[in-house]
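Participant: give me coordinates for this.
(chains A and B, ligands or ions: 2)
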Amino acid sequence: MSSTTEQTGYAGRPRQRDGFVGWITTTDHKKIGVMYFITVLVFFALGGIESGFIRWQLAQAEQNVLTEEIYNQFFTMHGITMVFLVVMPLSAAFFNYLIPLMIGARDVAFPRLNAFSYWVYLFGGIFLYSSFALGGAPNGSWVGYAPLSTDAVSNMAFYAVGLNILGVSSLAAAVNFIVTILNMRAPGMTFMRMPVFVWMALVTNFLLLFALPIIAVALFMLNVDAVFGGQFFEPATGGDPILYQHLFWLFGHPEVYIMILPAMGIISEILPVNSRKPLFGYAAVVFAGAAIGFIGFGVWAHHMFTSAIGPVARSAFALSTMFIAVPTGIKIFNWVFTMWGGKLRFNTPMLFSIGFVSMFTIGGLSGVTHAIVPHNAQQHDTYYVVAHFHYVLFGGALFGLIAGIYFWFPKVTGKMMDEKLGKWHFWTWLAGFNLTFGPMHMSGLLGQPRRTAVLPGELGSTVELYNLLSSLGFVVLFGSALVFLYNLIDSTRNGEASGDDPWDARTLEWITPSPTPFENFHVVPTITHRDEFWHRKYAEDEAGRAIPVPAGAAEDPDAGAEHDEHIHMPDPSYWPLVQTLGFFPFGYGLVYGNFLLIGLGLAWLVIGMYGWIIEPVAEGDDDEPDDAEQVAPTATAGAH
Amino acid sequence: MATDVATTTLGIDHRKLGMWTFLGSEFLFFGAFVSAYLLYLDTTAGGPGVEIFDIPFTSISSFVLLMSSLTMVLAHHAHTKGDLRRMRLWILATAGQGAVFLGGQVFEFNVFFREGLELSTSPFATSFYILTGFHGLHVFVGILLLGSLYVLSLTGKIKANQDVKTEMIGLYWHFVDIIWVVIFTVVYLIPEIAVLD
Ligand code: HEM
Ligand SMILES: [Cu+2]
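Facilitator: Numbering: from 1, shown residues only, chains lettered A, B, ... in the order given. Ligands and ions are numbered 1, 2, ... in the order given. A predicted model of the protein is given here:
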């Protein structure tokens, strides 16, 4: 695919599509998805190591493996890493790779903005971790409550600025994916024919769109208070710390759905394929997802039952919280009925999906107990809460995302991941997970406080035993993660060839060859059914059983590939990478209150923006110089 | 890349849809700051409060900003007609009015500052400066965008048939104006009236 019209000089666009330059200048949604994925693996290792130290410290009572200061930094960075640098970007990896393929598009709406999102994510993560070398990492927990976090000893300026940088990445991605899904669907791909994963992606990105500005405000206020003498949360002059809590959780609760909905979308694709049945109650799953999105903005104060919000607010939020369990419950029934009576295949993606449904249900149930206000007062800030949110985030979100990795690995690489190792991974992961987090329910109810560096000896030997079990669970998980990593790397090289459609799947992404060709679809498909691909492969007999369409009757998606009109693909660009580097001076300037750095960073970002705007336009863009318009089609006709 | 509008699912240019989406987010951004400001209206810690606002002065600069929305519409209209020369004229007028507004804000901040309202005086002061300051920043970005529109239409990067670009920046500009209407009412007018009686 030739790129721009002949342009040279400083503003020329890179041509290379492979090699190192090809990667750092790519605007291809598939490559960006893979880059997200690899970066997530690195941050997952870091977050995992931090949790390992936490569990080491807590393996016995009254231990001092870590100083209290380091312990605080580790549990804070663990939480931030897992939420903002692992689960959210891993979802973004799937959004990137799959959304265009599932709706029949050749890329996202704004390919360079997509690259921008990735680089901001990477640099935001590096920025946060650089704090370890610059006087200490954030140590005031992932919620960063003021006024503790506006105190200079808390290193929380890095938290405020770092998360805001990551927010820019997510906001840009949200705009991009929303426009892509709304505006780039293949002909015939109506809303109710979209795969459930795409629906959940749409809801998630709307949640991001509306939740991120609120946390941006809260974090910016922290930043101003901590560094520039602001008084937002300063009780001495009348500032109200509760305001911070409201703003944080107005974002924070939608955030938990931001983390879980993508995983729900993933298993809603995997369960039908491996049950050989369509998803039970497609419309119910979709509407429940949208309902969760709406109600998700009306329950935030259930995180603040023990703060001074008054009995009326407590009752109202207790009610709305119990209410939001309903759409969630609906989804669980839909998944179970999808499997009911199906011809189940227990491959690794399926096992992780079933693991998701069961573990998430446990976490959901303990979540409902939090909604009961007196119960909540008992559990607040104990390990019971730590158990709860790991069941939904780890047992839920992460299990679902891992299911997706096994399921779409062949799509990305054209190879299968090893099934035997996959099953080893699953069973040890499940066992290690429950061993780690199951006992925390008990130790929490027995009074073990959360975010406390030393396990108090006076809690007794039972609590100590539970903690030892938890720490042993970590060892199992660590081994299990190594199996996974080995499987991942080894299968990339030596995996069995998968063919184009290894799972006999239902949705559009499998219609194209695996690994996906550069332009995704040789011919953009026209959609006539939900589960389009399945309907091209199978017809139904009178009893409603699926019978394969006789060979040759299925439309060959690649037929006529050579006759397709010239395909426009986005050109690579240096600018997203160059521009986003400006976040470093800008960020450090905000942390240290250095206006010179802030100015430098802003100027860099603006200049980068201009580089972006004036670089030679992508071929096929309506920006194309008038004279080239006549030349381009003929000049490049033979290029693909 | 945004190609032909006709090939999009909703029949809207990607960039326009993207701008709408982004502005949806911006509403909540300002909403959160406005809420904080309202919460801290009386929390002045003994420092100056809403009584220091100079309503006639701010009314004039607000009026200038509002009028800039009109010239923005005229700029877009000229662009749809393919009249780049006139479009540039109106763009200049719009940016100029934005600059007058910003000048007014800088002046106002200076006066308040001398009267003892510093960023760290009270939660009221912090939330006032940060809210109106962020709005000012948005106006400033808008002026940059308008300036780019002006220059790029001279270099041929923005062509006579690409009025969607002017329209997009217009959307942003109108948004900044609407937010100011809210801020002016909620931040200046209503508390002032409440103080008077
Ligand atoms: C390798 C497995 C993991 C282990 C052993 C582990 C362990 C822990 C422990 C013991 C705490 C409590 C620290 C304290 O309160 O003092 C904690 C906190 C936390 N974990 Fe994990 N975790 C793991 C994986 C995850 C995952 C996958 C996620 C998210 C998807 C996650 C999210 C969090 C969050 C948000 C906190 C709260 C941090 C805070 O209080 O600020 N963890 N983890
Ligand atoms: Cu919540």
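
Participant: could you use CA atoms for every contact and neighbour count after this?
Facilitator: Noted.

Participant: whatever residue of the stretch 301-450 of chain A ends up closest to chain B: what secondary structure?
Facilitator: Going by CA to the nearest CA, chain B is nearest to A:I309 of the stretch 301-450 of chain A, at 14.7 Å. Using DSSP: H, G, I helix; E, B strand; the rest coil, the structure places A:I309 in coil.

Participant: roughly how far apart are it and A:W300?
Facilitator: For A:I309, the distance to A:W300 equals 12 Å [CA to CA, to the nearest Å].

Participant: so for those two, which sits in the more crowded spot?
Facilitator: Ranked by neighbour count (other CA atoms under 10 Å in any protein chain shown), A:I309 and A:W300 place A:W300 first, with 22 against 13.

Participant: count the residues that sit near A:S91.
Facilitator: For A:S91, the count of nearby residues is 26 (other CA under 10 Å).

Participant: who touches the closest residue to it other than its chain neighbours in this structure?
Facilitator: Of all residues not flanking A:S91 in the chain, A:P262 sits nearest, at 6.1 Å (CA to CA, 6 or more residues apart in numbering or on different chains). Neighbouring residues of A:P262 by CA atoms under 8 Å, 6 or more residues apart in numbering or on different chains: A:S91, A:F197, A:M200, A:A201, A:T204, A:A397, A:L401.

Participant: am I right that A:P262 is in a strand?
Facilitator: No - membership of A:P262 in a strand is not supported by three-state DSSP, which gives helix.

Participant: need the pLDDT of it.
Facilitator: You'll see A:P262 listed with a pLDDT of 97.

Participant: quick one: average pLDDT of stretch A:172-189?
Facilitator: On average, the pLDDT along stretch A:172-189 is 97.

Participant: same question for stretch B:130-147.
Facilitator: 97.

Participant: mind telling me what element the residue nearest the centre of chain B is part of?
Facilitator: Nearest to the mean C-alpha position of chain B, by CA atoms, centre = their mean, lies B:V176 at 2.9 Å. Per DSSP states H and E: B:V176 is located in helix B:163-183.

Participant: chain center to that helix: distance?
Facilitator: Chain-centre distance of helix B:163-183: 7 Å, with CA atoms, centre = their mean, to the nearest Å.

Participant: which helices and strands sit right next to that helix?
Facilitator: Helices and strands touching helix B:163-183, as assessed by 3 or more CA pairs under 8 Å, 6 or more residues apart in numbering or on different chains; DSSP states H and E, comprise helix B:14-39, helix B:55-80, helix B:123-155.

Participant: can I get the ones you listed in a markdown table with distance to ligand 1 and mean neighbour count?
Facilitator: Shown next, in a markdown table, are those (distance: least, CA to the nearest ligand atom, whole Å; neighbours: other CA atoms under 10 Å in any protein chain shown):
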| stretch | distance to ligand 1 | mean neighbour count |
| --- | --- | --- |
| helix B:14-39 | 24 | 19 |
| helix B:55-80 | 44 | 19 |
| helix B:123-155 | 27 | 20 |
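
Participant: mind checking which of these is nearest A:E542?
Facilitator: helix B:14-39 (44.5 Å; CA to CA).

Participant: so the closest one, near chain A or not?
Facilitator: Yes - counting by CA under 8 Å from any CA of the partner chain, contacts between helix B:14-39 and chain A involve B:14, B:17-18, B:21-22, B:24-26, B:28-29, B:32-33, B:36.

Participant: okay if I get those residues as TSV plus pLDDT and distance to A:G230?
Facilitator: Listed next are these as TSV, based on pLDDT from 0 to 100; distance: CA to CA, whole Å:
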residue	pLDDT	distance to A:G230
B:H14	94	39
B:L17	96	36
B:G18	96	34
B:T21	97	31
B:F22	97	28
B:G24	97	27
B:S25	97	25
B:E26	97	22
B:L28	97	21
B:F29	97	18
B:A32	97	16
B:F33	97	14
B:A36	96	13
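
Participant: just give me the closest of those to A:L250.
Facilitator: Using CA to CA, B:A32 comes nearest to A:L250 of these, at 10.2 Å.

Participant: if I look at that closest one, how far off is A:E615?
Facilitator: Taken as CA to CA, the span from B:A32 to A:E615 is 37 Å.
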